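> coords below, sequence missing:
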């Protein structure tokens, strides 16, 4: 029981974010775990630095929204000042003015008060409260602009996640494709080796000619070369998938899990356009950029409007700290200021700024229209391709079944001496080509389906 608890604690430690890549590599290589597409996508969303960077961008935009409210909120400042003025020593003689009439100024013993000084100190402290009253709507517009930038950051985060998911899907199906083609090539090599063994025995018995044996050996050599090429493709696909998941490649094995191909639900042209406008993150970003420029135009217009600000100041002065404290009680000062300013002339800079903003907004509108049309055309092209795949994949599946049956019959006839080795090799090549073709077509169909979902803006929602 203690050993079980210790193992549980160690497994919990392994499931932390920092140790997740090592755990994935360990589990795949040691336990031979098959990896589903969802597993790979979730790993990529947790590990890819681009996704983490997009999250930081959203966090920064949220801080920007909070900072934008500073334009409408009051500001309070605590002010203090310590100064000392030095000058040459001065002697000041003071007399008692009440007995000035009785004083004999010729008397050297005149009562007086003498002060010698060479500096003057001053301490001041206070509070200042400033509140904006009106700035032509610029502060409110800046808040709206910051919120729009936050929306753009969220859509950009979605776009980055969509790109990561799409790359993982493509590399995953590339791995699955190369994995299945590698299996087909190994199966073909096994059949070729069996064929060579059969022909050798028949040649020794004098049933077939030497040319049959040579042809069987040639086919076997080609099958061996094909296996080596398919193995290299499989290893390269595995490395690419690990990189797209944000993991390091330590040579660990990963097995893509295949599922039965299901024909996708193909949207209509109207549904494509609607989904593009409502769900595609690139389109949403383009819309928000138009809004940002529209708000920038409002900011430029606000520069022509009056600016009203108020401030309240409370302060006190004294030559030392005691006098300063006493001054706060008996000799303080309170001031209320209202400032009003109206721009009159600024060298045409304000009007030019407004014109430039309008031109930028018009450019963004053109870019939005172009982007929408380009994505719509891409989606419709993929739609037609997928429609074609839904028709030809069942046909290719039937071809594979027929090729398998044909190879069985030809092999049986050859063993009975009623078929040539060329017929057997042709049937074997036909089966391999039909299987490879089906694998490639299904692979392309899955990639195209993911691309269509990415364009329609629904791909990231399937794996959240």
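Now that the structure is in, tell me what you want to look at. Here the structure is a predicted model, which means the values were calculated and not measured.
> how deep is residue 312 tucked in, by neighbour count?
Applying other CB atoms under 10 Å, we find 15 residues neighbouring residue 312. C-beta: built from backbone N, CA, C; applies to glycine.
> which residues touch it?
By CB atoms under 8 Å, 6 or more residues apart in numbering, residue 312 lies in contact with 128, 129, 334, 335, 336, 337.
> Doesn't it belong to a strand?
Yes: the assignment for residue 312 by DSSP: H, G, I helix; E, B strand; the rest coil puts it in a strand.
> Tell me the bridge partners for it.
On the basis of DSSP bridges, residue 312 takes part in beta bridges with residue 129, residue 336.
> List only buried entries from the contacts of residue 312.
Neighbour-count burial (16 or more other CB atoms under 10 Å) applied to these gives residue 128.
> Just put the contacts of residue 312 in TSV and tack on pLDDT and distance to residue 210.
TSV is the format used below for the contacts of residue 312 (pLDDT from 0 to 100; distance: CB to CB, whole Å):
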residue	pLDDT	distance to residue 210
128	86	107
129	87	107
334	81	118
335	82	116
336	86	115
337	87	112
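> Any chance of TSV for the contacts of residue 312, columns distance to residue 254?
Shown next, in TSV, are the contacts of residue 312 (distance: CB to CB, whole Å):
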residue	distance to residue 254
128	65
129	64
334	75
335	74
336	73
337	71
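> How about residue 385: what's its closest non-neighbour residue?
residue 448 (5.4 Å; CB to CB, 6 or more residues apart in numbering).
> And for residue 143?
residue 68 (4.5 Å).
> How about the contacts made by the one you found?
142, 143, 145, 146, 147 are the contacts of residue 68 under CB under 8 Å, 6+ apart.
> so which of the residues you listed would you say is closest to residue 345?
Proximity of these to residue 345 was ranked by CB to CB; the top entry is residue 142 with 24.8 Å.
> What segments of the stretch 101-250 of the chain are helices?
138-204, 210-244 (DSSP state H, counting those that start in this stretch).
> Just the angle for the shortest one relative to helix 138-204, thanks.
To tie it back to what came earlier, the one meant is helix 210-244. Computed by axes from the mean of the first three to the mean of the last three CA atoms, to 10 degrees, the angle separating helix 210-244 from helix 138-204 equals 160 degrees.
> elements contacting helix 210-244?
helix 37-47, helix 138-204, helix 421-456 (3 or more CB pairs under 8 Å, 6 or more residues apart in numbering; DSSP states H and E).
> Tell me where the model's unsure across the stretch 101-250 of the chain.
Scanning the stretch 101-250 of the chain for pLDDT under 70 picks out 101-120.
> make it 80
Along the stretch 101-250 of the chain, the parts satisfying pLDDT under 80 run over 101-123, 207-208, 249-250.
> Please give the element, helix or strand, for the closest residue in space to residue 289 that isn't next to it in sequence.
Using CB to CB, 6+ apart and skipping the chain neighbours, the partner closest in space to residue 289 is residue 364 (5.2 Å). When elements are assigned from DSSP states H and E, residue 364 belongs to helix 349-415.
> that older thread, got JSON lines for the helices and strands packed on helix 210-244, with mean neighbour count too?
Below are the helices and strands packed on helix 210-244 laid out as JSON lines (neighbours: other CB atoms under 10 Å):
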{"stretch": "helix 37-47", "mean neighbour count": "19"}
{"stretch": "helix 138-204", "mean neighbour count": "20"}
{"stretch": "helix 421-456", "mean neighbour count": "20"}
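> closest to residue 245 out of those helices?
helix 37-47 (4.5 Å).
> Can you give the distance of the helix or strand just after the closest one from its chain's centre?
Sequence order places helix 49-68 as the next helix or strand after helix 37-47, per DSSP H and E. Remark: helix 49-68 is offset 11 Å from the chain centroid, using CA atoms, centre = their mean, to the nearest Å.
> buried sites along helix 49-68?
Applying 16+ other CB under 10 Å to helix 49-68 flags 51, 54, 57, 61, 64, 65, 68 as buried.
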